[in-house]
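# kindly return the folded structure for what I paste below:
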Amino acid sequence: MSAAVTPEAGTAGAPEGAAPAMTRRQILQAMSGLMAGMFVAILASTVVSNALPRIIADLNGTQSSYTWVVTAELLAMTATVPIWGKLSDLYDKKLLIQLSLSMFVVGSLVAGFSHSVGLLIVSRVVQGIGAGGLTALAQVVMAAIIPPRELGRYSGIFGAVFAVGTVAGPLIGGVLVDTSWLGWRWCFFIGVPFALLAIVLLQLTLRLPTVRREVKIDYLGAVLIMSGVSALLLWVTLAGNRFDWASWQTAALVTAGVVLLLAAVLVESKVQEPIIPLDIFRNRTVALTTVASLLVGVAMFGGTVFLSQYFQISLGKTPTAAGLMSLPMILGLMISTTVAGQIISARGKWKGFLIAGGIIMTAGMGLLSTISADSSFGLLSVYMVVLGVGVGMLMQNLVLAAQNDVPASELGAATSVLSFFRSLGGAIGTSALGAVLSHRVASEMAKGFGGAADNGGAGHGVPDLSKLPEPAREIVEHAYGVATADVFLIGAPFAFLALIAVLFIKEKPLKTQSGMERLAQENAAAVESTH
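All right, here's what the predicted structure looks like:
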């Protein structure tokens with residue numbers, strides 16, 4: 001192993017001497033493969049959103065099954081993001097992205113052939129592992145080839161891909177579910193050709209210098225983190241449904257989760273190559289953007305993941321119509337991401353957009369907490385646009401702020417940490433708010449049916465409105481309307497806390513060199529200091 005300073009986990013390697021800046025054409029060519037991969041990841045998540053009620057009903061699943069089909073992917077993605085970051089320090093990043101896409105293909109095929117909820121959840125875990133690779137590597141590669149000052153110019157492309165994937169996914173899923181000779185299984189099969197196309201594009205367009213060095217992956221830390229998070233997720237998912245919040249099961253799961261995570265912190269503080277480097281939190285910007293990312297994940301994922309269910313059950317829409325109804329939120333996100341990115345690149349100022357995004361996101365969550373089974377689509381559209389604009393201003397620029405304030409040798413660590421905690425927040429939010437929704441639905445249905453409904457909540461299957469008589473249908477529609485509003489009401493304070501965290505971030509000028517150029521300078525300076 002050379003004595004020369006080498007890149008840290010997840011950063012792009014640089015040859016000795018100055019690393020030449022890439023031209024705009026080269027950057028766009030490289031991004032074509034990256035964005036194709038991101039599109040596959042987004043499509044895999046969104047294509048099933050409108051199909052889930054039908055899928056769970058066909059597989060005789062419960063409301064908890066509905067939640068876990070979503071949570072399984074989020075949990076697997078969350079747990080593997082830091083591990084993918086470490087692997088990128090040892091092996092070719094392009095190969096790793098292609099490997100993650102291949103895992104998507106395997107997971108999609110298994111999901112498409114699933115005949116039980118259990119197998120479907122396992123397949124979503126495989127998809128989540130692949131998503132962890134794409135999440136960890138895509139933004140690290142972008143930071144390596146694009147200077148922070150210029151990232152905003154390309155964020156519009158990222159926003160457009162996110163918007164197209166998010167909009168097209170539910171629409172495609174809805175059409176497939178509503179087409180009798182295709183069905184929901186094709187929601188999983190349809191992503192396979194896109195994944196194969198992404199693999200080919202990456203092979204043709206992505207060119208990065210590779211630096212290999214010996215790194216010991218902290219497997220013990222990874223196991224402790226995954227186990228601790230899983231224990232807490234089990235608690236928030238099952239408490240209030242399978243057992244009381246104040247019970248021995250709660251005490252056991254919470255104690256196990258806390259002890260495992262404390263053990264993970266102890267291990268991470270002592271190993272040479274921790275999964276999550278604890279010293280990175282000494283950087284104020286990284287610490288605050290991490291907190292904000294966690295809170296945004298809880299609020300955004302935890303709230304919006306149940307909108308499709310609300311559209312279909314509470315408003316009685318078809319899966320295709322439910323997909324169209326999500327369009328206002330995605331358009332708001334795409335427009336705000338693009339406009340904010342262009343202005344930030346032109347002016348070099350970014351904190352104002354973080355603050356505005358936090359305020360608008362909180363307002364959007366608050367507005368959506370007023371919805372009911374009688375809400376008009378016009379009103380819902382306004383509320384969703386507000387939420388989308390806030391998320392678009394906030395989410396991507398949190399990553400920009402962190403990447404701009406760390407050495408190039410820590411780009412991978414900083415990016416992976418933010419991705420990890422945002423995904424963790426999403427998994428926690430989906431599980432916790434899903435449990436809240438289940439409990440509130442059961443409570444409202446019990447009231448509507450005069451106590452005839454069991455308060456088990458999650459133990460009931462997701463209702464098929466077409467098989468219910470009119471009076472019962474109205475009770476179910478009302479129950480899901482009230483419960484979904486409660487989900488956003490509980491999520492709104494998390495968005496507000498994200499705003500508070502953003503207020504304490506100190507704005508610093510955006511750097512004008514790419515990660516590769518900065519890394520070459522840092523390495524050269526380190527070599528000179530040893531002489």
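# who are the contact partners of the closest residue to Leu101 other than its chain neighbours?
Spatial nearest neighbour of Leu101, chain neighbours left out: Ala195 (4.8 Å); criterion: Cβ to Cβ, 6 or more residues apart in numbering. Every residue, glycine included, has its C-beta placed from N, CA and C. By Cβ atoms under 8 Å, 6 or more residues apart in numbering, Ala195 lies in contact with 40, 101-102, 104-105, 108.
# now swap in Ser372 and tell me
Counting by Cβ under 8 Å, 6+ apart, Ser372 has contacts 314, 478, 481-482, 485.
# dihedrals phi and psi, it?
phi -150, psi -180 (degrees, to the nearest 10).
# cool, and the one 4 residues further on?
Dihedral angles phi and psi of Ser376 (degrees, to the nearest 10) take the values phi -80, psi 150.
# state the pLDDT value of it.
Ser376 is assigned 90 on the pLDDT scale.
# what do you get for Ser514?
72.
# same thing with Ile360?
Looking at Ile360, its pLDDT is 96.
# could I get the helix or strand where it lies in PDB with only the CA atoms?
Assigned by DSSP states H and E, Ile360 belongs to helix 351-368. C-alpha atoms of helix 351-368 as PDB (Å, rounded to 0.1, in the frame of the first residue of the first chain):
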ATOM      1  CA  LYS A 351     -29.500  28.900   2.900                       C
ATOM      2  CA  GLY A 352     -32.600  30.900   2.000                       C
ATOM      3  CA  PHE A 353     -33.900  28.000   0.000                       C
ATOM      4  CA  LEU A 354     -33.500  25.700   2.900                       C
ATOM      5  CA  ILE A 355     -35.400  28.000   5.200                       C
ATOM      6  CA  ALA A 356     -38.200  28.600   2.600                       C
ATOM      7  CA  GLY A 357     -38.400  24.900   1.900                       C
ATOM      8  CA  GLY A 358     -38.800  24.100   5.600                       C
ATOM      9  CA  ILE A 359     -41.500  26.700   6.000                       C
ATOM     10  CA  ILE A 360     -43.400  25.600   2.900                       C
ATOM     11  CA  MET A 361     -43.100  21.900   3.700                       C
ATOM     12  CA  THR A 362     -44.500  22.400   7.200                       C
ATOM     13  CA  ALA A 363     -47.400  24.400   5.800                       C
ATOM     14  CA  GLY A 364     -48.100  21.700   3.200                       C
ATOM     15  CA  MET A 365     -48.200  19.000   5.900                       C
ATOM     16  CA  GLY A 366     -50.500  21.200   8.000                       C
ATOM     17  CA  LEU A 367     -52.900  21.700   5.100                       C
ATOM     18  CA  LEU A 368     -53.000  18.000   4.200                       C
END
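# relative to Leu151, how far out is the nearest residue to Ile360 once chain neighbours are set aside?
Nearest-residue entry for Ile360: Gly390, 3.4 Å, with adjacent residues in sequence omitted and distances by Cβ to Cβ, 6+ apart. Distance, Gly390 to Leu151, by Cβ to Cβ, to the nearest Å: 20 Å.
# the two: which has the busier surroundings?
Of the pair Gly390 and Leu151, Gly390 is the one with more neighbours under other Cβ atoms under 10 Å, namely 29 against 26.
# hang on, that one in a strand?
No. Looking at Gly390 with DSSP: H, G, I helix; E, B strand; the rest coil, it is helix, so not inside a strand.
# from Val105, how far off is it?
Taking Cβ to Cβ, one finds Gly390 at 35 Å from Val105.
# buried residues in stretch 262-271?
By neighbour count on 16 or more other Cβ atoms under 10 Å, the buried set for stretch 262-271 is 263-265, 267-268, 271.
# nearest to Ala131 among those?
The shortest approach to Ala131 among the buried residues of stretch 262-271 belongs to Ala264, at 21.8 Å (Cβ to Cβ).
# now do whichever strand or helix holds that closest one, average pLDDT.
Using DSSP H and E, Ala264 sits in helix 248-270. Averaged over helix 248-270, pLDDT sits at 92.
# try stretch 199-211
On average, stretch 199-211 scores 75.
# ok, and for that stretch, which residues are buried?
For stretch 199-211, by 16+ other Cβ under 10 Å, it's 199, 201-202, 205-206, 208, 211.
# can you tell me which of the residues you listed lies closest to Trp350?
Leu208 (26.2 Å).
# about what we covered before: for Thr205, see how far away the residue nearest to Leu101 is.
16 Å.
# how does the chain divide into domains?
Following automatic domain parsing, one gets these domains for the chain: 24-207+273-459+467-529, 218-272.
# what's the end-to-end length of the first one?
Across domain 24-207+273-459+467-529, the straight-line distance between its terminal residues is 34 Å, by Cα to Cα, to the nearest Å.
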